[in-house]
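Q: Predicted model and sequence follow; I will ask about them next.
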Amino acid sequence: MSGARFSLRLRVLLLFAALAVGVLAALAGGLILGYTREPAPDLRSPMLAGGIAAGFVSLGLIAGLWLFFDTHLVKPVERLAGLLRAHGAADAGAQIETRDAPFLGDLTPAAGAMAQTLSETRHALNTVVARETTRLAEEKERLEALLADVPVGVLLCTAEHQIAFYNGAAVDLLGSAHAPGLDRRVFEYLTAGPISHAYERLGMTKDPEAATDLLCATVDGGLVLAARMRRLAVPQDAQAGGHPGYVLTLRDVSGDMATHHARTQLIDELFERIRRPAAALQSLIDVLTGPDEAGTDPARDPIRAAARSETRQLSDAIHDVFARHEATRADWWPLSMIRASDLGQAVAARVEAEGGALLPVSAALMLRCEGFELVALLANLARHLRPRDNLRLEIMQEGVGALIALEWVGAPVEIRALESWLDQPLDTGGAELTGRRVLQIHATEIWPETLPDGRGRLCLPLREARHVTARPAPATRRVVYDFDLLARGATGTIAETPLADLTYVVFDTETTGLAPEAGDEIVQIAAVRIVNGRRVAGEVFDMLVDPGRPIPAQAAAIHGISDAMVQGACSVPEAVRQFHRFAEGAVLVAHNAPFDMAFLTRRQDEIGARFDNPVLDTVLLSAVVFGQSQTHTLDALAHRLGITIPEEARHTALGDTVATAEAFLKLSAVLQARGLTRFGAVLAELRKHSRLLRDLNG
């Protein structure tokens, strides 16, 4: 049995028992050795008696020493270990008394201090966790209230189309016999085709910021919804090849569509009724412009000339209205931009799923269309054309739009057959939708043609298309909030305001040189905002500035900004004016602030505003924290505080601004730990180091 299985007291007892056995063995061995060497040993010899007495005395000393160890060392150690375990595991409230174990030296006080620190840390941690839990619960309630009041339905779904979130507006829109439920398939409430097709279409784009518009219908109630889908980012802990979920925003357009459809039908009927009289106007114009029965020139007849002019104006007006009507028929419909290659591949996949074959050929175009419905129409036409050979779908540019041509080898299509195909409902899984309705939505027509080589084709033009280009940087879609601001009360003077309650704008400038008084100018301004002790990621000011003078080569070598980069940028006064609006009401923070402020304040008269913001300088803050004898460059301060400035960001306005903001937040924490919690106290401390830099706070 190993020693680890015995208690501490038993091990110490065994240790002293072994010591006693050893001593007795040594005494017995000595007595035996002496006894055997004596010529006539006498059991009553004084030596023998002394050895026996020594053995008993040794046993007594060992027993006494064990008892001392057991009472003053072993038992206190076991008690101390139990208390430490209790403090560590169960947060026991009992204090560790040092007078109970004086022979343990500094171990007991050290353990007591550690237990006290652990208890205080745990209490502080519990307080922080409770406060943050309460705050997060309140923020959750506020966010839920905000999302509940959003006037559009919002659904968050997994890649398997299971619902993970829905708001109140979505409940009203879905209109199912049973309310939406978490982890239920969205296809229980919405038609599957448009959603599945849109999800696949977004996956083909390989663009994480892409979004697409679609039309879908509710399973119960038959409402038509205009939806917008955006795929979510793939979670970092997802397995390789994992697919992201998506967000659907929904808006009921059933009433709008019915009204729009009725209005469109009325307008189409009106135009159809006046189309023939409008054509007759041209004949009337010909009569008015020709000679009369007597051969009189109409130009000499003022009545006929006036009638001719009025009739021509009426005819031109009617033709203009016809043209505008045709050009704007589809403007209301929520059509999105779709890659021509995606559309062609989707049609080919639908045809192949039905046992056919189709070759898609497309130019590098983006088409404005309703992809799901157009795929259904083209697949339906291909189904009717299946007896014909070598089906080919070609999408090419035509003017400002595109031409979709469904070609084949075989007999041409008769107009009567095509008309009947267009009147048939399409396989969309929703409300009845015909091919003719799809053409109306896209404000287009379709017609058959026979090519010179004998092939037939159906031509369907689209009104709008553009070449595929590199996608610009996506606009920031961040939701920015800080609900703690709702609970912040009014403060007194800025000197009495806690540092954590102030709003800061940390900024930096890049310039043509170091002498504003000698004509050097700003070439870039960057700034970030700090609210409630955290940098607001979505609130950034970053602007290149045209200095109105050449940028010296030595300056461009430092910050990397050339004359070509600032060509067409804002002028210095306009940039300073915009920065003033960004920084209004905040405390300005900069590293070596007098240098940057000099470039701003010299433009105050031009912009009609004063930079009267309080100013903090991280050079002076560094001197307060680390002492004046240290180096206070931005690089030295960042190194001292463990802040990494990427090489490519150093000496850029935004890169230096972010580094300065991180340094300021860490310096602020140190100042508050030293008791400098209010702005006035910090300012008084900074003025003790004013010999380093000029005080900008008056």
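A: Arrived safely. Residues are numbered from 1 along each chain as shown.
Q: so residue 630 sits in a helix?
A: No: assessed by DSSP: H, G, I helix; E, B strand; the rest coil, residue 630 does not belong to a helix; its assignment is coil.
Q: what about it, neighbour count?
A: Using other C-beta atoms under 10 Å, residue 630 has 12 other residues around it. For the C-beta atoms, the positions are set from N, CA and C on the backbone; glycine is no exception.
Q: ok, now residue 203?
A: As a burial measure, residue 203 scores 16 neighbours (other C-beta under 10 Å).
Q: can you tell me which helix or strand it belongs to?
A: Per DSSP states H and E: residue 203 is located in helix 192-205.
Q: got a list of contacts for that helix?
A: Contact partners of helix 192-205, identified using C-beta atoms under 8 Å, 6 or more residues apart in numbering, comprise 161, 186-187, 210-212, 214-216, 227, 229-231, 243, 246, 248, 338-339, 341-342, 345-346, 371-372, 375-376, 428-430.
Q: out of the residues you listed, which are buried?
A: 161, 186, 210-212, 214-216, 227, 229-231, 246, 248, 338-339, 341-342, 345-346, 371-372, 375-376, 428-430 (16 or more other C-beta atoms under 10 Å).
Q: ok, back up a step: restricted to strands, list the contacts of helix 192-205.
A: Among those, the ones falling in strands (DSSP state E) are 211-212, 214-216, 227, 229-231, 246, 248, 338-339.
Q: residues in contact with the nearest residue to residue 156 once chain neighbours are set aside?
A: Distances taken as C-beta to C-beta, 6 or more residues apart in numbering place residue 165 nearest to residue 156, at 3.6 Å, with adjacent residues excluded. Listed by C-beta under 8 Å, 6+ apart, the contact partners of residue 165 are 154, 155, 156, 182.
Q: wait, the second one sits on residue 245?
A: No: Residue 155 is not in contact with residue 245 according to C-beta atoms under 8 Å; the separation is 10.1 Å.
Q: if you count what's nearby, which of these two comes out ahead?
A: Neighbours per residue (other C-beta under 10 Å) separate residue 155 from residue 245, with residue 155 holding more: 25 against 19.
Q: tell me the secondary structure for residue 585?
A: Under the three-state scheme (three-state DSSP), residue 585 adopts coil.
Q: measure it to residue 505 for me?
A: 9 Å (C-beta to C-beta, to the nearest Å).
Q: Buried residues in the helix or strand residue 685 falls within, which are they?
A: Assigned by DSSP H and E, residue 685 belongs to helix 679-687. Buried residues in helix 679-687, counted by 16+ other C-beta under 10 Å: 679, 681, 682, 683, 685, 686.
Q: after the longest helix seen in the chain, next one along is what?
A: Assignment by DSSP state H gives helix 107-148 as the longest helix of the chain. Next in sequence after helix 107-148, counting helices and strands by DSSP H and E, comes strand 153-157.
Q: Please list all residues in contact with the closest residue to residue 456 other than its chain neighbours.
A: Among residues not flanking residue 456 along the chain, residue 412 sits closest, at 4.1 Å (C-beta to C-beta, 6+ apart). By C-beta under 8 Å, 6+ apart, the contact set of residue 412 is 448, 449, 450, 456.
Q: if I've got this straight, residue 412 is in a strand?
A: No: using three-state DSSP, the secondary structure at residue 412 is coil, not a strand.
Q: My guess is residue 450 contacts residue 458. True?
A: No: counting by C-beta under 8 Å, residue 450 stays clear of residue 458, with 11.1 Å between them.
Q: Which one's more surrounded, those two?
A: Applying other C-beta under 10 Å to residue 450 and residue 458 shows that residue 458 carries more neighbours, namely 22 against 12.
Q: Any idea what that one is bridged to?
A: Beta-bridge partners of residue 458, counted by DSSP bridges, are residue 406, residue 448.
Q: Can you give me every residue that contacts it?
A: With contact taken as C-beta under 8 Å, 6+ apart, residue 458 is in contact with 381, 405, 406, 413, 418, 446, 447, 448, 449.
Q: domain assignment for this structure?
A: By the assignment in automatic domain parsing, the chain contains the domains 1-147, 153-233+244-253, 257-328, 336-467, 492-687.
Q: what's the least confident stretch among those?
A: Among these, domain 257-328 has the lowest mean pLDDT, at a mean of 59.
Q: Among the buried residues of helix 679-687, which one lies nearest to residue 671?
A: residue 682 (5.9 Å; C-beta to C-beta).
Q: quick one: the residue nearest to residue 456 from residue 418, how far?
A: Distance, residue 412 to residue 418, by C-beta to C-beta: 10 Å.
Q: what is in contact with these two at once?
A: When contacts are counted by C-beta under 8 Å, 6+ apart, the set common to residue 412 and residue 418 consists of residue 448.
Q: got the contact list for residue 562?
A: 551, 556.
Q: Need the phi and psi values for it.
A: With angles defined as degrees, to the nearest 10, residue 562 shows backbone torsions of phi -110, psi 170.
Q: just the one 5 residues further on next, same as before
A: Note on residue 567: its backbone torsions stand at phi -70, psi 130 [degrees, to the nearest 10].
Q: All good on my end, thank you.
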